[in-house]
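Participant: Here is my input; please provide its structure:
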Amino acid sequence: MMARPHCVVVVLLLLAVVSGLEEGASNPGFVARITRKGLEYARQYGVAILKKELSTIELPDFSGSFKVSWIKIMSYEFYRLKIHDFELRNSDLRLCPRQGVRASLSNNYVSVSGNWKIKKAFFSFDGTFEMKVDDICISAFLNLGKDQSGRLTASMAHCNNSIGHISIDISGKLSWILNLFHERIENKFKNILEQKICEMVEKATTSRLEPYLQTLPVISMIDQVASIDYSLIGAPQVNSQVLDTPFKGEFFGQNGHSRAPFEAPPIRLPEKHDYMVYFAISEYVFNTASWVYHQAGYMNFTIQNQHMQNLTKLASKPSAKKWRERYLDSTCLTSNSALLATSCISSSLLLLLQISPDSPIHLHTSSFPALVPQLARMYPNMELELEMSPESAPLLMFTPGNVTLMPAIDVQAFALKPNSSDRKPLFQLRVTTSISATINVSSDRIVGSVTPGSKLKLELKHSNINFIDVELMEVILNYYALHTIYPSLNAKLEEGFPLPLPVDTYLNSSELQVHENFLLLLANLDY
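Facilitator: Below you'll find the predicted structure:
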């Protein structure tokens with residue numbers, strides 16, 4: 001679907017970040033920048049659309065009178081005016097420091113046709129006319145700001161126009177009478193146009209652009225737990241090269257807008273202008289999401305056998321298999337990675353323990369005789385249940401070229417009594433690891449993948465069972481993490497989540513970079 005001309009400007013304004021925020025302002029979560037290259041694309045696109053829409057513009061009728069000595073006062077009217085040719089010779093969309101955006105058209109040409117008629121008490125004549133209007137110049141300044149709710153606002157600050165020359169060719173009965181006064185008619189039409197042009201520009205701003213901006217949400221509901229705040233934290237900042245707009249980019253809980261116990265770090269965009277837009281996403285965005293879901297208890301989860309089955313299904317997806325093929329060496333002996341070497345040793349160890357490396361983990365008291373020998377005797381023929389909860393909200397750390405997560409998770413194991421809701425606590429483990437993530441952009445979605453940065457480390461915090469081989473459990477869990485858990489996570493992360501782009505806006509020629517404290521998306525736009 002073709003975007004409206006005013007939407008083009010909105011798209012670029014919304015994809016616009018904070019190099020010049022006023023002192024004392026908080027740091028943004030989303031940062032976007034539009035360059036002069038982006039404005040040039042908007043200019044070209046806007047001109048193409050404007051040419052198509054000009055044929056639909058209704059020019060006002062105009063009328064007047066003149067005095068002919070032998071007829072005295074005679075009235076005339078020009079009506080049904082229609083543009084049938086328009087040449088946009090020069091156009092410009094420019095950033096003006098501390099002012100906003102200036103749009104200008106110069107040395108343009110339009111031809112208009114229509115009907116005329118002369119009225120006098122005892123007679124009436126009519127005919128047609130052709131009018132050529134040359135050297136039309138229009139300049140309009142658009143001020144950008146924000147309202148109290150944090151929405152982007154745009155208002156017409158200044159508009160002026162001029163018309164160089166008008167010539168009219170009148171045909172029909174008694175047209176010679178009108179041609180006697182063609183200079184007066186041309187000047188009148190010129191004055192009317194010069195009055196109406198800026199009125200039409202201002203009307204387009206107030207009736208189209210401003211109402212459209214009011215429909216843009218500043219709060220977007222993610223699910224029943226969280227929403228995200230897209231409001232502006234400051235007015236857009238303009239210099240001669242870029243237009244910068246800061247968005248809050250903060251997740252908050254549906255039960256209240258309490259602030260996360262940490263601040264957004266500063267975002268310092270590189271001084272490059274090769275792409276149309278630069279869109280930065282602070283680690284603060286991801287970490288406020290983590291904090292909200294942790295506060296709501298949505299990071300506490302229970303693992304039962306049906307969940308293990310679902311995990312196994314995810315691990316069998318083509319994308320999960322592809323990750324294993326790419327990440328795990330097919331030949332253990334050639335691996336230089338300690339983690340992969342551990343995986344290979346674990347595979348051999350599982351075979352020695354008469355456990356198939358390819359079989360899913362079954363949570364049952366009889367499934368782990370080597371790890372917890374007394375378990376099957378103390379709680380015969382019982383299913384197991386694992387309760388997992390992070391000690392705190394896991395936080396992402398962005399450093400140049402790398403995204404790292406270091407979660408610490410408590411795992412509590414229970415034995416479930418048959419035909420009863422009663423369960424017996426068995427032991428509690430503390431699990432720590434380091435995870436590295438890569439994040440990419442696919443069309444209008446952010447997708448990702450994760451790889452282990454270090455082995456899973458297990459620490460026994462409490463046990464109601466005399467002996468647990470924690471070291472052997474650690475080895476086996478690392479094997480299943482590499483072969484089941486990580487592939488399953490990557491199958492899910494491949495689905496991604498949408499970028500907050502306006503409707504019918506897409507990215508091409510995109511690149512994603514990891515900088516200190518933030519991700520930077522560099523892209524050109526498609527509509």
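Participant: is His462 in a bridge, and if so with what?
Facilitator: Gln428 (DSSP bridges).
Participant: go on, Ala32?
Facilitator: Residues in beta-bridge contact with Ala32 (DSSP bridges): Thr245, Phe279.
Participant: correct me, but it touches Phe247?
Facilitator: Yes. Contact criterion Cβ atoms under 8 Å: Ala32 and Phe247 qualify, at 7.1 Å. Just so you know, the C-beta spots here come from the backbone N, C-alpha and C atoms, and that holds for glycine as well.
Participant: Which of the two has more residues huddled nearby?
Facilitator: Phe247 (30 against 26; other Cβ atoms under 10 Å).
Participant: Next, the more buried one: phi, psi?
Facilitator: In terms of degrees, to the nearest 10, the main-chain angles of Phe247 are phi -110, psi 150.
Participant: number of nearby residues for Ser442?
Facilitator: Ser442: 12 neighbours (other Cβ under 10 Å).
Participant: meant to ask about Thr399
Facilitator: By other Cβ under 10 Å, 12 other residues sit near Thr399.
Participant: likewise Ser509?
Facilitator: Residues near Ser509, counting by other Cβ under 10 Å, number 12.
Participant: Am I right that it is in contact with Asp526?
Facilitator: No. Using Cβ under 8 Å, Ser509 is not in contact with Asp526; the gap is 9.4 Å.
Participant: How about the secondary structure of Tyr79?
Facilitator: State at Tyr79, reduced to three classes by DSSP: H, G, I helix; E, B strand; the rest coil: strand.
Participant: Show me what it is bridged to.
Facilitator: Asn115.
Participant: Show me what the top helix by length along the chain packs onto, helices and strands only.
Facilitator: Ranked by number of residues, the top helix in the chain under DSSP state H is helix 182-204. In terms of contacts (3 or more Cβ pairs under 8 Å, 6 or more residues apart in numbering; DSSP states H and E), helix 182-204 is packed against strand 62-68, strand 72-87, strand 123-146, strand 152-172.
Participant: And the helix or strand following that helix, what's buried?
Facilitator: Using DSSP states H and E, the helix or strand that directly follows helix 182-204 along the chain is helix 210-215. For helix 210-215, the neighbour count (16 or more other Cβ atoms under 10 Å) marks Tyr212, Leu213 as buried.
Participant: can you check stretch 39-48 too?
Facilitator: Buried residues in stretch 39-48, defined by neighbour count with 16+ other Cβ under 10 Å: Leu39, Tyr41, Ala42, Arg43, Tyr45, Gly46.
Participant: So which of the residues you listed belong to helices?
Facilitator: Leu39, Tyr41, Ala42, Arg43, Tyr45, Gly46.
Participant: isn't the second one right up against Met276?
Facilitator: The one in question is Tyr41. Yes. Under the criterion of Cβ under 8 Å, Tyr41 makes contact with Met276 at 5.7 Å.
Participant: Show me the common contact partners of these two, please.
Facilitator: Common contacts of Tyr41 and Met276 (Cβ atoms under 8 Å, 6 or more residues apart in numbering): Asn524, Leu525.
Participant: List the contacts of stretch 249-257.
Facilitator: 28-30, 221-222, 224-230, 258, 260, 264, 281-282, 284-285, 288-289, 291-292, 295-296.
Participant: Let's see which of the residues you listed end up in strands.
Facilitator: Phe30, Met221, Ala226, Ser227, Ile228, Asp229, Ile281, Ser282 (DSSP state E).
Participant: nearest to Asn419, of those residues?
Facilitator: Ala226 (38.0 Å; Cβ to Cβ).
Participant: Okay, that closest one and His294: tell me how far apart.
Facilitator: Ala226 is 11 Å from His294, where distance means Cβ to Cβ, to the nearest Å.
Participant: likewise Ile439?
Facilitator: On the measure of Cβ to Cβ, Ile439 and His294 end up 21 Å apart.
Participant: Same question for Thr205.
Facilitator: Distance of Thr205 to His294, computed by Cβ to Cβ: 45 Å.
Participant: Ok, Asp469 next?
Facilitator: Distance of Asp469 to His294, computed by Cβ to Cβ: 31 Å.
Participant: okay, the two: which has more neighbours?
Facilitator: Neighbour count, other Cβ under 10 Å: between Asp469 and His294, His294 has more, with 18 against 14.
Participant: wait, doesn't the more buried one sit right on Ala393?
Facilitator: Yes. At 3.7 Å, His294 counts as touching Ala393 under the criterion of Cβ under 8 Å.
Participant: who touches the longest helix of the chain?
Facilitator: 6, 57, 59-60, 62, 64, 66, 76, 78, 131, 133, 138, 140, 156, 159-163, 166-168, 170, 178.
Participant: and if we set it to 6 Å?
Facilitator: Phe62, Gly64, Ile138, Ala140, Met156, Cys159, Asn161, Ile163, Ile166, Ile168 (Cβ atoms under 6 Å, 6 or more residues apart in numbering).
Participant: quick one, it and strand 62-68 angle?
Facilitator: Inter-element angle recorded for helix 182-204 and strand 62-68: 160 degrees (by axes from the mean of the first three to the mean of the last three Cα atoms, to 10 degrees).
Participant: And the average pLDDT for helix 182-204 is what?
Facilitator: Average pLDDT, helix 182-204: 82.
Participant: give me the number of residues near the nearest residue to Phe427 once chain neighbours are set aside?
Facilitator: Take Phe427 and drop its neighbours on the chain: the residue closest to it by Cβ to Cβ, 6 or more residues apart in numbering is Ser463, 4.0 Å away. Ser463 has 16 neighbours, counted by other Cβ under 10 Å.
Participant: same deal with the one 10 residues further on?
Facilitator: Neighbours of Met473 under the rule other Cβ under 10 Å: 19.
Participant: Quick check: the gap between it and Thr432.
Facilitator: According to Cβ to Cβ, Met473 and Thr432 sit 14 Å apart.
Participant: One more: Ser111?
Facilitator: Distance from Ser111 to Thr432, counting by Cβ to Cβ: 76 Å.
Participant: ok so, going back, going through the contacts of stretch 249-257, which ones are buried?
Facilitator: For the contacts of stretch 249-257, buried by 16+ other Cβ under 10 Å: 28-30, 225-230, 260, 264, 281-282, 284-285, 288-289, 291-292, 295.
Participant: which stretches of the chain have low pLDDT?
Facilitator: Applying pLDDT under 70 to the chain flags residues 1-25, 53-56, 68-72, 121-122, 257, 327-360, 443-444, 499-505, 527.
Participant: In it, what residue spans correspond to helices?
Facilitator: With helices called from DSSP H, the chain shows them at 5-14, 36-54, 175-180, 182-204, 210-215, 283-295, 305-315, 318-327, 338-352, 375-378, 470-480, 486-493.
Participant: mind saving the C-alpha coords of the fifth one as PDB?
Facilitator: Pointing back at helix 210-215 there. Taking only C-alpha atoms (Å, rounded to 0.1, in the frame of the first residue of the first chain), the coordinates of helix 210-215 have been written out as PDB:
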ATOM      1  CA  GLU A 210      -0.900  16.700  13.500                       C
ATOM      2  CA  PRO A 211      -3.900  14.300  13.800                       C
ATOM      3  CA  TYR A 212      -1.800  11.400  12.500                       C
ATOM      4  CA  LEU A 213       0.900  12.100  15.100                       C
ATOM      5  CA  GLN A 214      -1.800  12.000  17.800                       C
ATOM      6  CA  THR A 215      -2.700   8.500  16.800                       C
END
